[in-house]
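Asker: task: produce atomic coordinates for the following.
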Amino acid sequence: MFRELNIFFTALSFFTRIPFPRWAKFEKVYQHEAVKYFSLSGIIIGGLSALVFVLSHWLLPFHISLILSMIFTTLFTGALHEDGFMDVCDGFGGGWTKERILEIMKDSLVGAFGISGILFVVLARFFGMEALSASSLPVVLIVAHSFSRTLAGSLVNSHEYARVDNSKAKDYAHKLSRGNQAFLWLTGLLPILLLQDIKYFLIIIPAFLTKYLLGRFYQKWIGGYTGDCIGATQQVVEIVIYLSIYIISSQL
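Answerer: Model (predicted):
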């Protein structure tokens, strides 16, 4: 039990700005299993983001509450996935060989592709959330943040890590056991029940298809994935989930 708590806080301190507790014990080997808590960290991130939205919406207009919720999420996660998305845009947009793409992705500078990409992502996320009702948004935030991280984390098992050099993300890029995979998926899928209608499980189809196509794209150009690819996948799948829920709720 104490070992699992250590792994959980190892994951949470990497995926969010929550500091690693002083009473917990860190071991490098815990990083290898941390991805199994990716969905659970999404539930926490989505839940707190929903709380910020609800509290803000008591006093402020819908759109301002929405922006405050987005700002909180970005600060709480340290813009980890946004940074990965920009690196992927720069790398795949400006590189034509595996070596050059990986080199650009590792560069701390942000280029035109990265800036353009994150601009479109933020706009798409805002308008995707804005299309939903204020009453449904808190639950949708929990679903989108958790299931998008399930699919992004599943890249660890479906593809090979592309970098051969050391990187911070490499310590977390170890394939999960079947039990840990089941935990990752279960904690990602269960929040969909909060939408209180079985039809919303249809979001699995477009979300999974998005992850599959992105995985094929990464595989073609760099022979696998990196930590930035996981972040980019989370960002894109999150938007697909907002749009899918809007379509399902308005058309079915």
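Asker: mind giving me the packing neighbours of the one helix or strand in the chain whose mean pLDDT sits lowest?
Answerer: Taking mean pLDDT, DSSP states H and E as the measure, the chain has helix 28-31 as its least confident helix or strand, at a mean of 78. Helices and strands in packing contact with helix 28-31 are listed as helix 2-15; criterion 3 or more Cβ pairs under 8 Å, 6 or more residues apart in numbering; DSSP states H and E. C-beta: built from backbone N, CA, C; applies to glycine.
Asker: avg pLDDT for the helix it packs on?
Answerer: Confidence over helix 2-15 (mean pLDDT, whole number) is 86.
Asker: break down the stretch 151-252 of the chain into its helices, ranges please.
Answerer: Taking DSSP state H, counting those that start in this stretch, the helices of the stretch 151-252 of the chain run over residues 155-158, 178-189, 204-222, 227-251.
Asker: want to throw those into JSON lines with distance to G111 and mean pLDDT?
Answerer: Below are those laid out as JSON lines (distance: least, Cβ to Cβ, whole Å; pLDDT from 0 to 100):
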{"stretch": "helix 155-158", "distance to G111": "24", "mean pLDDT": "92"}
{"stretch": "helix 178-189", "distance to G111": "32", "mean pLDDT": "95"}
{"stretch": "helix 204-222", "distance to G111": "17", "mean pLDDT": "97"}
{"stretch": "helix 227-251", "distance to G111": "14", "mean pLDDT": "96"}
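Asker: most distant residue from the centre of this structure?
Answerer: With distances taken from the mean C-alpha point of the chain and given as Cα atoms, centre = their mean, the most distant residue is L59, at 29.3 Å.
Asker: could I get the pLDDT score of that one?
Answerer: The per-residue confidence score, pLDDT, reads 94 for L59.
Asker: for it, give me its contacts.
Answerer: By Cβ atoms under 8 Å, 6 or more residues apart in numbering, no residues touch L59.
Asker: ditto for V140
Answerer: Contacts of V140 (Cβ under 8 Å, 6+ apart): 129, 132, 195, 241-242, 245.
Asker: ok, now with 6 Å
Answerer: By Cβ atoms under 6 Å, 6 or more residues apart in numbering, the contact set of V140 is 132, 245.
Asker: equivalent analysis for G188, please.
Answerer: With Cβ under 6 Å, 6+ apart as the criterion, the residues that contact G188 are 39, 146-147, 150.
Asker: make a markdown table out of the residues you listed and add distance to F72 and neighbour count.
Answerer: Shown next, in a markdown table, are those (distance: Cβ to Cβ, whole Å; neighbours: other Cβ atoms under 10 Å):
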| residue | distance to F72 | neighbour count |
| --- | --- | --- |
| S39 | 20 | 27 |
| S146 | 17 | 28 |
| F147 | 20 | 29 |
| T150 | 22 | 25 |
